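Student: I need the structure of the sequence given here:
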Amino acid sequence: MLNKVILMGRICKDLELKYTPNNTPVCAFSLAVDRDRKDANGNKVTDFLDCVAWNKTAEFMRSYMCKGQLIAIVGAIQTRKWTDRNGNNRVSVEVKVDEAHFAGPKKDKAARKSEPDTPLFDLPVSDDDFTELDDMSGVPF
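Tutor: Now for the predicted structure:
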């Protein structure tokens, strides 16, 4: 079986780093990915895909990437079941991001709202050496 996704798109809003009850960093975001065709009216078609990054990848993305930035991600499609506030069972489909890469020109430091002056850690940004939570019910989304 193979489950590998490679996408290039723009980050839809400024990234927010959160922590699970076990203090695991997690960053959920949407990626706007243009299709290679236009609709019947000649307009560009864009998909907005839910993504989630964990551990060092989440920290890296929050520190160095921002809204509107063109990035490339490598990961896998995953589904998770959860119960909403009204008690309804739901299923979410998202991309679990294993790697994140810059795909366009870097943003000017002045354009970044909350970029730290010093890096939090060094590259690489792959989460291959980390384990993730199987149960995301405690993730504060």
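Student: Can you give me the distance of the nearest residue to Asn3 once chain neighbours are set aside to Leu15?
Tutor: Excluding the flanking residues, the one nearest Asn3 by C-beta to C-beta, 6 or more residues apart in numbering is Ala76, at 4.4 Å. Where C-beta positions appear, they are placed from N, C-alpha and C, glycine not excepted. Taking C-beta to C-beta, to the nearest Å as the measure, Ala76 falls 20 Å from Leu15.
Student: How about Gln69?
Tutor: 10 Å.
Student: just Cys27 next, same as before
Tutor: From Cys27 to Leu15 the distance is 5 Å (C-beta to C-beta).
Student: Between those two, which contacts overlap?
Tutor: Met61, Arg62 (C-beta atoms under 8 Å, 6 or more residues apart in numbering).
Student: sorry, back to before: show me the residues around the residue nearest to Asn3 that make contact.
Tutor: Taking C-beta under 8 Å, 6+ apart as the definition, contacts of Ala76 comprise Asn3, Lys4, Val5, Val95, Lys96, Asp98.
Student: Given the helix or strand hosting it, what are its sheet partners and their directions?
Tutor: Assigned by DSSP states H and E, Ala76 belongs to strand 70-83. If you go by DSSP bridges, strand 70-83 pairs up with strand 5-11 (antiparallel), strand 89-102 (antiparallel).
Student: Would you mind putting the CA coordinates of that strand into PDB?
Tutor: C-alpha atoms of strand 70-83 as PDB (Å, rounded to 0.1, in the frame of the first residue of the first chain):
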ATOM      1  CA  LEU A  70       4.000  29.400  -1.400                       C
ATOM      2  CA  ILE A  71       5.100  26.100   0.100                       C
ATOM      3  CA  ALA A  72       5.500  22.500  -0.900                       C
ATOM      4  CA  ILE A  73       4.600  19.700   1.500                       C
ATOM      5  CA  VAL A  74       5.100  16.000   1.500                       C
ATOM      6  CA  GLY A  75       2.900  13.800   3.600                       C
ATOM      7  CA  ALA A  76       0.000  11.300   3.600                       C
ATOM      8  CA  ILE A  77      -3.800  11.400   3.600                       C
ATOM      9  CA  GLN A  78      -5.400  10.500   6.900                       C
ATOM     10  CA  THR A  79      -8.900  10.400   8.200                       C
ATOM     11  CA  ARG A  80      -9.900  10.700  11.800                       C
ATOM     12  CA  LYS A  81     -13.300  10.300  13.500                       C
ATOM     13  CA  TRP A  82     -14.500  12.800  16.100                       C
ATOM     14  CA  THR A  83     -17.600  14.000  17.800                       C
END
